[in-house]
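Participant: Attaching a predicted model along with its sequence, questions to come.
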Amino acid sequence: MKGKIATIITMLEFGGAQLHAIQLCKAFAREGYKNILISGQRDYLDNEADFLPETVHINVSYMVREISPLKDLVALFKLYKILKREKPLAVFTHSSKAGILGRWAAWLAGIHVRVHTVHGFGISPFQGKLTKAILLGIERLTSRITTFFLPVGRETLRKGKEWGIIKKRNYKVVYSGIELSRFSNVNVKKREKLVEIGASPELPVVGTVACFKPQKAPLDFIRMASSVLEEEKAQFIMVGDGELRRQAEELAGSLSIKDKIHFLGWREDVEEILSTFDIFVLTSLWEGLPRVIPEAMVQGKPIISSAVDGNKEVVEDGVNGYLVPPSRPKLFAERVIYLLKRPELREKMGREGRKKSEKFSVEKMEKDYLYILRELIH
């Protein structure tokens, strides 16, 4: 065994950052390292984390997403104690809260290699000025003890530089890798799959895969669906779950479209569900660089996404899909209607998307991380 690597993430809910972290633990194990994987309160992916090869998974329940001074201090102390005891060669942090607490705990414990993967910053356009100023100050201060930054996209890097968080040349953009073969080699019949999930095999499918949380704006997806159904026959699939699930279902009911929207929750067969989509839609208000867009592109799906952050890196407006300003469900609907009426254009955009998806391979991501790890350790 070459030594230990610690990975710290706030929660192991089903999401891009979480899948990214788990994939890296597998890569570190294959390379001969032992993993110390630390996450907060248990969630969807914790059961998988419990059985990762060469991995000790530890839950620190005090590490929560919301700001809580008392819990944050307790979590910091517990992380420090774990790292002091385990003495890993390097600490990799993911997500905003774990990124702050994990790097400071590593610094206090004397761990010299402290790497933060920037999936996005905990600073959003919808926070008050004081909250933004405090969070920005904390991020800037923490950047001083950060050995290396790994932003998941160029737009994330640009924002980090603009905000004075990433200043030095201690960074490299590494895209979050996906298993291209898993999404490109889906052997499922669309008609049968739609019947299996209770959808109509006769209607076109507009779908999304996202957490039901404010960032992903699932209510905008419902409003968009309502506007589309005023003009076109279609059905909508939402893969995901979260705090806004009930509100989304209630909104669909109040708009009298609940029979046209299929709420599937989280699924193990995401690649098969994606294969049934005619159009993929992501209505997020802000992003890092969501893995699900390249996953849909691998399958040749035209993308309609909000024109924010990393979305703009992977969706070229008018080429492999369309970019729409966030919080504009009627504009989303206009683009969906336009594509529903033009199957040839959907096919063309899907082909363009496939060409762009190759740079998101998980093999490239793992190779980049392992190279950076070796360089920083030595």
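Facilitator: Nice, thanks for sending it over. Remember, it's a predicted structure, so these values are computed and weren't measured experimentally.
Participant: and the helix or strand residue 92 falls within, C-alpha only, in PDB?
Facilitator: Here residue 92 sits within strand 90-94, counting by DSSP states H and E. Coordinates of each C-alpha in strand 90-94 appear next as PDB, following Å, rounded to 0.1, in the frame of the first residue of the first chain:
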ATOM      1  CA  ALA A  90      -3.100  14.200   0.800                       C
ATOM      2  CA  VAL A  91      -6.600  15.500   1.400                       C
ATOM      3  CA  PHE A  92      -9.000  16.100  -1.400                       C
ATOM      4  CA  THR A  93     -12.100  18.100  -0.700                       C
ATOM      5  CA  HIS A  94     -15.400  18.400  -2.700                       C
END
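Participant: What helices and strands are in contact with that strand?
Facilitator: strand 3-9, helix 16-30, helix 96-108, strand 113-118, helix 362-377 (3 or more Cβ pairs under 8 Å, 6 or more residues apart in numbering; DSSP states H and E). C-beta: built from backbone N, CA, C; applies to glycine.
Participant: Next, the angle strand 3-9 makes with that strand.
Facilitator: 20 degrees (axes from the mean of the first three to the mean of the last three Cα atoms, to 10 degrees).
Participant: now the angle from strand 90-94 to helix 362-377?
Facilitator: Using the same axes, to 10 degrees: strand 90-94 against helix 362-377 is 130 degrees.
Participant: Let me see the residues that make contact with strand 90-94.
Facilitator: 5-10, 17-18, 20-21, 24, 83, 99, 102-103, 105-106, 111, 113-117, 119, 373, 376-377 (Cβ atoms under 8 Å, 6 or more residues apart in numbering).
Participant: and the closest residue to residue 157 other than its chain neighbours, bridged to which residues?
Facilitator: Closest residue in space to residue 157, ignoring its immediate chain neighbours: residue 151 at 4.2 Å, by Cβ to Cβ, 6 or more residues apart in numbering. Beta bridges link residue 151 to residue 118, judged by DSSP bridges.
Participant: Tally up the residues packed near residue 151, please.
Facilitator: 27 (other Cβ atoms under 10 Å).
Participant: Which of the helices and strands packed on strand 90-94 sits closest to residue 190?
Facilitator: helix 16-30 (24.8 Å; Cβ to Cβ).
Participant: Give me the helices and strands touching the host helix or strand of residue 133, please.
Facilitator: Element membership for residue 133 (DSSP H and E) is helix 129-143. Counting contacts by 3+ Cβ pairs under 8 Å, 6+ apart, helix 129-143 packs against helix 96-108.
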